[in-house]
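Colleague: coordinates for the following, if possible.
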Amino acid sequence: MESLEKNFHSRKEFELHVRMIRHFLTTQGCHSCDLLFVAINEAVNNALFHGNQNDSSKTVSLRILRHGRELRVFIQDEGNRLDRDMFLRHWSREDADPLSEHGRGFIIMEGCCDRLSFPKPGTICMTVILKEGPGEVSA
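Modeller: The predicted structure follows:
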């Protein structure tokens with residue numbers, strides 16, 4: 001099982017590792033690595049700003065694991081996670097503004113991966129099903 005693990009305390013730290021993260025996604029045969037990176041970027045931003053409240057003493061952990069034909073991305077912060085069901089109820093209301101700059105993170109993440117889950121408070125898991133099997137990376 002191949003993996004990549006990084007910790008961040010700020011957006012600036014995350015930006016230092018963007019090329020490495022994108023490269024890792026590509027080498028794993030991720031057919032939608034650009035979309036998956038959009039979701040990772042959104043999740044890390046949310047974890048830094050909303051979860052950790054921009055507190056640079058707190059850590060955001062990124063772990064990417066390839067398990068067979070699945071690529072799983074875990075992003076964990078040290079804050080209190082927004083209740084996903086409450087969020088989705090808000091977005092299903094008739095008066096919800098889809099053009100609002102705030103609150104679209106889950107929708108963006110869900111649209112960029114095959115499965116979005118929340119295994120424990122403060123943790124988001126994004127899963128992408130790979131077209132290649134283990135060790136088979138297309139050119």
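
Colleague: pull the number of nearby residues for Thr27.
Modeller: Neighbour count for Thr27, taken as other C-beta atoms under 10 Å: 13. Using the backbone N, CA and C atoms, a C-beta is placed for each residue, glycine as well.

Colleague: now swap in Val18 and tell me
Modeller: There are 13 residues near Val18, going by other C-beta under 10 Å.

Colleague: quick one: it and Phe37, what's the gap?
Modeller: 8 Å (C-beta to C-beta, to the nearest Å).

Colleague: again with Cys113
Modeller: In terms of C-beta to C-beta, Cys113 sits 11 Å off from Phe37.

Colleague: cool, Ala43 as well?
Modeller: With C-beta to C-beta as the criterion, Ala43 and Phe37 are 11 Å apart.

Colleague: who's more crowded, these two?
Modeller: Ala43 (29 against 18).

Colleague: state the distance from the nearest residue to Phe24 once chain neighbours are set aside to Phe37.
Modeller: Excluding the flanking residues, the one nearest Phe24 by C-beta to C-beta, 6 or more residues apart in numbering is Leu4, at 4.6 Å. Per C-beta to C-beta, Leu4 is found 13 Å from Phe37.

Colleague: contact partners for Cys113?
Modeller: Cys113 makes contact with 35-36, 39, 73, 126-128, according to C-beta atoms under 8 Å, 6 or more residues apart in numbering.

Colleague: out of those residues, which are buried?
Modeller: 36, 39, 73, 126-128 (16 or more other C-beta atoms under 10 Å).

Colleague: okay, now the unreliable bits of this protein?
Modeller: Applying pLDDT under 70 to the chain flags residues 1, 81-103, 132-139.

Colleague: who touches the longest helix along it?
Modeller: Longest helix in the chain, counting residues (DSSP state H): helix 33-46. The contact list for helix 33-46, computed with C-beta under 8 Å, 6+ apart, reads 8, 11, 14, 21-22, 25-26, 30, 60, 62, 71, 73, 75, 105, 108-109, 111-113, 124, 126, 128.

Colleague: just the buried subset of the residues you listed, please.
Modeller: 8, 14, 21-22, 25, 30, 60, 62, 71, 73, 75, 105, 109, 112-113, 124, 126, 128.
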